[in-house]
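S.K.: take this sequence and fold it.
(chains A and B)
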Amino acid sequence: SAVISQKPSRDICQRGTSLTIQCQVDSQVTMMFWYRQQPGQSLTLIATANQGSEATYESGFVIDKFPISRPNLTFSTLTVSNMSPEDSSIYLCSVAHTLGQGSTDTQYFGPGTRLTVL
Amino acid sequence: EDQVTQSPEALRLQEGESSSLNCSYTVSGLRGLFWYRQDPGKGPEFLFTLYSAGEEKEKERLKATLTKKESFLHITAPKPEDSATYLCAVQTSGTYKYIFGTGTRLKVLA
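M.R.: This is a model prediction of the structure:
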């Protein structure tokens, strides 16, 4: 499976500021996703990061609040904009379908970014 | 509406005490069912993929099974290091997206 890293691993931010989270994969993958996991909760899909085009957002998530970039097959960023304390969560990227091998179905997750907004 | 429910929410076992975790689902069409383990402060770690009723997968003390309405994760003779949250996710036909259950927090006592 692919090795996935995220930066930063954690951050504490002030209300009204923005944070960009990076997701780097050690191999080329077709699909990349961004999730949010609020304290004590399960994972909620924010959006699918599409290479070379705009991300596909899930209901309740909008581009102005969570802009996403995906310039190539190994890298993506998620920005949390104009943050409020309600944005305090773990943000996770996941990938599926490493080119040249295996299933398109199984997702592998990064270690997560723990965000606290004061 | 597609839905995934896990039970119990939390489970405490003595070391060596076998048990099962349940993941029941209501979806329009199942493409695959996935089990993950998540340790505190970490991302989910992939365990198993199941595609069709009757399928079983095993890894060490864990065995996952699938029926048309639910999946079980059986833990045989658990050890304290098996303590984690176990997440179930369903992928529906025609999509690559996952629907996650709320997880089962497992604590194995020495």
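S.K.: spit out the contact partners of B:Glu15.
M.R.: Neighbouring residues of B:Glu15 by CB atoms under 8 Å, 6 or more residues apart in numbering or on different chains: B:Ala77, B:Pro78, B:Lys79, B:Pro80, B:Val108, B:Leu109, B:Ala110. Heads up, the C-betas are built off the backbone N, CA and C, glycines and all.
S.K.: ok, now with 7 Å
M.R.: Shown in contact with B:Glu15 (CB atoms under 7 Å, 6 or more residues apart in numbering or on different chains): B:Pro78, B:Lys79, B:Pro80, B:Val108, B:Leu109, B:Ala110.
S.K.: same question, B:Gly32
M.R.: A:Asp105, B:Thr49, B:Leu50, B:Tyr51, B:Gln91.
S.K.: regarding the residue most central in space within chain A, what is its secondary structure?
M.R.: Note on chain A: the residue nearest the mean C-alpha position is A:Trp34, at 3.1 Å, using CA atoms, centre = their mean. Under the three-state scheme (DSSP: H, G, I helix; E, B strand; the rest coil), A:Trp34 adopts strand.
S.K.: from the contacts of B:Glu15, list just the buried residues.
M.R.: B:Pro78, B:Val108 (16 or more other CB atoms under 10 Å in any protein chain shown).
S.K.: can I get the contacts of B:Glu15 in a markdown table including pLDDT?
M.R.: Below are the contacts of B:Glu15 laid out as a markdown table (pLDDT from 0 to 100):
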| residue | pLDDT |
| --- | --- |
| B:Pro78 | 97 |
| B:Lys79 | 97 |
| B:Pro80 | 97 |
| B:Val108 | 97 |
| B:Leu109 | 97 |
| B:Ala110 | 95 |
